[in-house]
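**Student:** dropping a prediction and its sequence here:
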Amino acid sequence: MAAEGTGGDEETGGTDLVAMLVAKLAEKDALLAAREAKLAERNARLAEKDARLAERDVELAEQSDRIDELTSERDRLRRAYEQLKEELLLVKRRLFVAKAERVDTTQLELEFAELSKRLDALAGAVPDEDDDEAARRKRKRKPKGRRNLAEAEAQA
């Protein structure tokens, strides 16, 4: 009987151990299930972030393409602007040179006739040489050098 008691105790002790192991296993399964749920949630958030990142990459690529297009258009417009500036400068030069080279002979003849009349009028107003000599004599020469102080005291 004593053998039965020990065997019975072992049986109850074994069932208790099994029950305890099953309970611990259930706890571990619950923890594992919770961790898997968290992991699944994190994976879902990560997938969402990856999708947003992919969208941003697409937007960035589109913006980069647009920047390249605008840069090339700006460069093309600058070249066209510079060409137009040079062409305008050339046209201005041609116009100015053309105006400068164009001579209206009738206008020149009129100006020449007017200048001839003025010269003739001035030729009549010019005094003879005899009058010039008389005017020269009348003019007093400006003294040069030192004054004679004796004369200055005598006059005073």
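**Tutor:** Received, thanks.
**Student:** just the element for the residue nearest in space to the middle of the chain, please.
**Tutor:** Geometric centre of the chain, nearest residue: residue 74, 11.8 Å, by CA atoms, centre = their mean. Using DSSP states H and E, residue 74 maps to helix 2-101.
**Student:** tell me which helix or strand comes right after that helix.
**Tutor:** Next along the chain from helix 2-101, counting by DSSP H and E, comes helix 105-125.
**Student:** on contacts alone, who are the packing partners of that following helix?
**Tutor:** The helices and strands touching helix 105-125, judged by 3 or more CB pairs under 8 Å, 6 or more residues apart in numbering; DSSP states H and E, number zero. In short, each C-beta sits where N, CA and C put it, glycine included.
**Student:** so what does residue 148 look like in phi/psi?
**Tutor:** phi -90, psi 110 (degrees, to the nearest 10).
**Student:** how near is it to residue 91?
**Tutor:** 75 Å (CB to CB, to the nearest Å).
**Student:** lowest-confidence helix or strand of this structure?
**Tutor:** For the chain, using mean pLDDT, DSSP states H and E, the weakest element among its helices and strands is helix 129-138, scoring a mean of 60.
**Student:** how far is whatever helix or strand comes next after that one from where the chain is centred?
**Tutor:** Once helix 129-138 ends, the next helix or strand along the chain (criterion: DSSP H and E) is helix 149-155. Its chain's average C-alpha position is 83 Å from that of helix 149-155, according to CA atoms, centre = their mean, to the nearest Å.
**Student:** right, I'll call it a day here.
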